[in-house]
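K.L.:
Fold the following and give me the result.
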Amino acid sequence: MKILAIVVTYYPEKELLEKNISAFIDYVDKVLIWENTPEQEKLNYRFIEHEKVEYHGDGINSISHGLNYGWQYAKKHGYDYLLTMDQDSILVNFALMKEYVKQHYCEKALLSPHINMPNIKPVISIVNNIRVTRVDGLITSGSLFYIGLLDILNGFNETLSIDGIDTDLYLRADQLGIPSYRINNYNLVQRFGEPQIRYLFGKRYELTTYSAHRLESILQSHIYLMRKYRNMSAQTKKYIVRHYVVDRIRDVIFFESDKMSKIISLCRGIIKGLFVKL
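P.N.:
All right, here's what the predicted structure looks like:
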């Protein structure tokens, strides 16, 4: 069982990236660090030196493009599985995930770590003391993909360069009857944007703030997905509208700085999402 890991980076933080890779490097055969950092600055962010680590990149700043590079590299060099990682994630107990895959046939399912996601509905079973949950979604970071399954799904959708890549992959798999499972003993600590606490009329809100450019990408990608997939559940659609549209608009208006540029970006994201070519 050969595992290739790919970590997509963009101006990574040294300490966080070191923790990220140290959590799984002993359990994989090679680590590719895909650099989305601009060419002239890449050398300043090569913090990891290890015999298993290689740096790659071609100047295209896209997470999905980098993940597809990892998929093709794995096919070419005879790897069985691809572990996909964001730069700001830290895995807990990857050894358990690897052991689970060794013991069971996992070529026909998408496997992801445990993380708090409000749109997931659990269908729980327990296999050899490992709690396994069938879920309506996944997160790309920390997921372990069988290469043959990525071949069936034709990899990652490069129409989506940053946001919605995982949701798109899950929905394509769902259309083909391919299930997604969460390994609950295998955890992911993930940082989403810049977390903040704010109050409005006495009510407490936990915010995740993003740049204007990223807000545009978030809305465009998720509205695009709602148009593209008829198999998307009503619960998932409701979550997207509330979390990625309504809550984003509320947070910008009431809590965030740089309101005008962010409101413009939100509007652009909605328009692009409604009219981008499927």
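
K.L.:
where does the stretch 101-250 of the chain have low pLDDT?
P.N.:
Of all residues in the stretch 101-250 of the chain, those with pLDDT under 70 make up the ranges 105, 116-130, 191-195.

K.L.:
mind redoing it with 90?
P.N.:
101-108, 114-139, 182-211, 230-237, 239-240, 243-245, 247-249 (pLDDT under 90).

K.L.:
give the contact list for Y186.
P.N.:
Residues in contact with Y186 (CB atoms under 8 Å, 6 or more residues apart in numbering) are 91-94, 96-97, 100, 113-114, 142. The way it works is simple: take the backbone N, C-alpha and C, and place the C-beta from them, glycine included.

K.L.:
Would you list the phi and psi of the residue nearest to it when sequence neighbours are not counted?
P.N.:
Nearest-residue entry for Y186: M97, 4.3 Å, with adjacent residues in sequence omitted and distances by CB to CB, 6 or more residues apart in numbering. Backbone torsions of M97, given as degrees, to the nearest 10, read phi -60, psi -40.

K.L.:
thinking M97 is in contact with I183, fair?
P.N.:
Yes - using CB atoms under 8 Å, M97 makes contact with I183 at a distance of 5.4 Å.

K.L.:
And the strands in the stretch 101-250 of the chain, which stretches?
P.N.:
Remark: strands assigned in the stretch 101-250 of the chain by DSSP state E, counting those that start in this stretch are 110-114, 123-127, 130-134, 143-146, 180-190, 194-200, 203-209.

K.L.:
nearest to L82, of those?
P.N.:
Among those, the nearest to L82 by CB to CB is strand 143-146 (4.8 Å).

K.L.:
helices or strands up against that closest one?
P.N.:
For strand 143-146, the packing partners by 3 or more CB pairs under 8 Å, 6 or more residues apart in numbering; DSSP states H and E come out as strand 81-86, helix 94-103, strand 110-114.

K.L.:
Can you add mean neighbour count and give the ones you listed back as CSV?
P.N.:
Converted to CSV, the helices and strands packed on strand 143-146 look like this (neighbours: other CB atoms under 10 Å):
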stretch, mean neighbour count
strand 81-86, 26
helix 94-103, 17
strand 110-114, 25
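
K.L.:
For L219, find the nearest of these.
P.N.:
strand 81-86 (20.0 Å).

K.L.:
ok so, going back, looking at the helices and strands packed on strand 143-146, which is nearest to V31?
P.N.:
strand 81-86 (8.7 Å).

K.L.:
got a list of what the residue sitting nearest the centre point of the chain touches?
P.N.:
Nearest to the centroid of the C-alpha atoms of the chain, with distances taken as CA atoms, centre = their mean, sits T140, at 3.2 Å. Contacts for T140 (CB under 8 Å, 6+ apart) come out as 63, 67, 84, 86, 165-166, 169.
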